[in-house]
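show me the folded form of this:
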Amino acid sequence: MNDKQSITDVENGIINAARNVFIEKGYVAASMGDIAAEAGIGRTTLNYYFRTKERLFESVFEQLINYLLPNIGAIIDGDSSFFEKLEEIVSLYIDTVKTYEGFPAFIIGELNRDPEHLYRILLKDPQKIEPILKFRELIEKNMEKGLFRKLPMVFVVSTLLGLAVFPFLVEVPMTDIFLEGDKEAFDRFTEERKKYIVEIMKSLLEP
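Next comes the predicted model:
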């Protein structure tokens, strides 16, 4: 292992530890000491790689965005139909949430607490949000062609987000009440739900 790879491994370990602490405690309550302890390193080492909690938060958020958005962009630029693209995007989102467990609730909490905090990170590189804008443009073009019902975009987006995000926000009570506390049953439910999300959106959008 070379020095560069070793440094990258340490940074990734710190970012993963920070994500766990942020999800558990929230941004405000999390401390650099908490993150160092979670990463199994000293404060001096942590400060060498990340001098501030703000920079760590940016790295955690950027890690998710860098994984999710470019892949969405590749899907949108493909030759498949809209609903095939949507199925791929929904599948990618659900798989990502399972990788970064607890992240949707944390992000929504931060959006309610300090939305400008996340906006600043996103707008540091406006190109990162291009896939989202392309997705919106694709829907609007289909509406203009008469292939989709003309609906306010906020209605379309809120419906899609509600279908995709909500189960993960209520995972614990939903699992306890409806799935007898079986975490594997919840995982199966979210896998099966992928196709139903697309079917519901199809029934909403098609004339």
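
switch to C-alpha atoms for all contacts and neighbour counts from now on
Noted.

just the element for the closest residue to residue 197 other than its chain neighbours, please.
Closest residue to residue 197 apart from its sequence neighbours, by CA to CA, 6 or more residues apart in numbering: residue 163 at 6.3 Å. Residue 163 belongs to helix 153-169 when assigned by DSSP states H and E.

got it, and residue 172?
helix 171-178.

by contact count, what packs against that helix?
helix 183-205 (3 or more CA pairs under 8 Å, 6 or more residues apart in numbering; DSSP states H and E).

by how many degrees do the helix it packs on and helix 171-178 diverge?
Using axes from the mean of the first three to the mean of the last three CA atoms, to 10 degrees, the inter-axis angle of helix 183-205 relative to helix 171-178 is 100 degrees.

helix, strand or coil: sort out residue 140 for me.
helix (DSSP: H, G, I helix; E, B strand; the rest coil).

can you list the domains in the protein?
According to automatic domain parsing, the chain comprises the domains 1-51, 54-205.

save the ones you listed as CSV, and put in mean pLDDT and mean neighbour count too.
Shown next, in CSV, are the domains of the chain (pLDDT from 0 to 100; neighbours: other CA atoms under 10 Å):
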stretch, mean pLDDT, mean neighbour count
domain 1-51, 87, 16
domain 54-205, 91, 15
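
does residue 194 really touch residue 91, like I thought?
Yes. At 6.1 Å, residue 194 counts as touching residue 91 under the criterion of CA atoms under 8 Å.

the helices in the chain, which residues?
3-25, 32-39, 43-49, 53-76, 82-99, 103-113, 115-123, 130-144, 153-169, 171-178, 183-205 (DSSP state H).

how close does the closest residue in space to residue 179 that isn't next to it in sequence sit to residue 198?
Nearest in space to residue 179, with sequence neighbours left out and distances taken as CA to CA, 6+ apart, is residue 185 at 6.4 Å. Using CA to CA, to the nearest Å, residue 185 is found at 21 Å from residue 198.

any residues touching the helix holding residue 163, and which ones?
With CA atoms under 8 Å, 6 or more residues apart in numbering as the test, helix 153-169 has contacts from 90, 93-94, 102, 104-105, 136, 174, 197, 201.
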